[in-house]
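Need coordinates for the following:
(one chain, ligands or ions: 1)
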Amino acid sequence: MAESILFLAHVDESGKTLPKAAYEAFSAAVDLAHRLGATLTVGIVGEGVREAANTFSGAGVRILGVAGPDFAHPRYRSDAAALEAICREAAASIVIAPATSRFLRVMAGVAERLKGQIDTHITSFDIVDGMLSAKRWFYRQRLEAVIQRAGRPWFLVMDCGCQDAWSGAQGTAKIEMIEVALPENCRRTVYAGVRTPNIDAQTIRPDAKLLFVAGAGWCKKQPDGQTHLREAESIILQFLEESGASLGGSKSLVDQSGENQAVLGFMTHLNQVGQTGSTPRHPKGLSMCCHGEEPHVVGWRFISERRAVNLDPNCGWARGKADVLYVADAFQVIAKLNSLLAAKAVRTEEWCEASHELNPAGCQQ
Ligand SMILES: Cc1cc2nc3c(=O)[nH]c(=O)nc-3n(C[C@H](O)[C@H](O)[C@H](O)COP(=O)(O)OP(=O)(O)OC[C@H]3O[C@@H](n4cnc5c(N)ncnc54)[C@H](O)[C@@H]3O)c2cc1C
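As a prediction, the model looks like this:
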């Protein structure tokens, strides 16, 4: 069957460009179109789509747009109407979209309106026996499914962090605008604004180069027989602020917060990494005061370079789970690291290269 591909995107909050997840999914769409010999069309929704469309001008694709104040913000009825109109105009057999929160809310409804089929959390595409195959993970990233469907149109919503973001020459794109007349009953939901937590409370940062994972050891009695919770809180927060790292936690640590024990105040279950937690994607990971047990480390599947700091030379990280284990006191190591970061002596991205500086006297590597 000759396939044709439609790639869908929405303008981000800046009103000028698209979310990073869109450029990542577009990379996959370009590659797939090339491998299938399929035509590729781009459809963009937003208050204004001109600047976002220009970022695709180097791709040599047909660009469709739906624009206007009604499409500035996420809203199920207006987004569904806009996307349905684009899909009907493009009449593609495959529709690829990024897994942004705006699209995840509406894409299944759009597939239903088009009498199509939909799969979400797609991580990559392949051609198997000449047929398009989409891959996704199940059961906490332990099983990889390869999905084929005969039904068309087939909507595929791609997870972020799985592809390199597309970039190409920018110019003035030719846009075919589609008028979408929105009935009054599609405007009943009104956008009121965005409420975000304080910047220092946003500890989960999916785009960070480094994942910093704190374990229960931060709350345990230290060699002086005392716990040092307030000190741990302040040095971890300082590290996150200086480094821009994303914060993960072990189950033992986040469970203590849930049980109202005295723990790190900023740690929640959303930070939990592992089998029953999250499986974040970052180029590098640094674990401190976490034992490195298997149910925790399965959450590190997509962390490429791993380092850990633990007092115990026989902890799980020493058993092939980390590239480097520093057998050291995490309180000392992070204090040294913070002073280097504050002095701009080392950037987070370079912490691997500068690791000898982070290694207090007496640490084994
Ligand atoms: C079905 C199932 C699912 C699970 N899912 C998850 C999951 O999703 N995520 C998860 O994390 N766990 C999970 N677990 C639990 C997991 O097996 C471990 O119990 C948990 O990860 C332990 O957390 P921890 O390493 O922080 O704590 P601990 O095991 O208490 O380790 C604390 C570590 O801190 C070190 N330490 C103490 N002080 C210092 C210091 N000053 N400097 C350096 N190191 C120090 C100690 O040496 C010790 O190794 C699961 C378990 C089961 C059975």
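
Bridged to the residue lying closest to residue 318 once chain neighbours are set aside, which residues?
Nearest non-adjacent residue to residue 318, counting by C-beta to C-beta, 6 or more residues apart in numbering: residue 325, 5.0 Å away. The way it works is simple: take the backbone N, C-alpha and C, and place the C-beta from them, glycine included. Taking DSSP bridges as the rule, residue 325 bridges to residue 308.

what does the stretch 201-350 of the chain have sitting close to the ligand?
Counting by C-beta under 6 Å from any ligand atom, the stretch 201-350 of the chain comes close to the ligand at 215-217, 220, 222, 250-253, 272-277, 289-291, 293, 295-296, 299, 309-312, 315, 329-331.

pLDDT weak spots in the stretch 1-150 of the chain?
140 (pLDDT under 70).

can you map out the helices along it?
Along the stretch 1-150 of the chain, the stretches classed as helices by DSSP state H, counting those that start in this stretch are 20-36, 50-54, 76-90, 101-113.

Just give me the neighbour total for the closest residue in space to residue 62 that isn't next to it in sequence.
The spatially closest residue to residue 62, leaving aside those adjacent along the chain, is residue 41, at 4.5 Å (C-beta to C-beta, 6+ apart). Here the number of neighbours of residue 41 (other C-beta atoms under 10 Å) works out to 22.

close enough to count as contact, residue 41 and residue 90?
Yes - with contact defined as C-beta atoms under 8 Å, residue 41 and residue 90 form a contacting pair (4.6 Å).

what touches both of those two?
Residues touching both residue 41 and residue 90 (C-beta atoms under 8 Å, 6 or more residues apart in numbering): 4, 6, 62, 64.

Need the pLDDT of residue 196.
pLDDT, residue 196: 70.

Checking it next. Helix, strand or coil?
coil (DSSP: H, G, I helix; E, B strand; the rest coil).

Excluding chain neighbours, what is closest to it?
Distances taken as C-beta to C-beta, 6+ apart place residue 202 nearest to residue 196, at 7.2 Å, with adjacent residues excluded.

Residue 191 too?
In this structure, residue 191 finds its nearest non-sequential neighbour in residue 73, 3.9 Å apart by C-beta to C-beta, 6+ apart.

in stretch 23-32, what's buried?
23, 24, 25, 26, 27, 28, 29, 30, 32 (16 or more other C-beta atoms under 10 Å).

Next: stretch 55-62.
Neighbour-count burial for stretch 55-62 flags 55, 56, 57, 59, 61, 62 (criterion: 16+ other C-beta under 10 Å).
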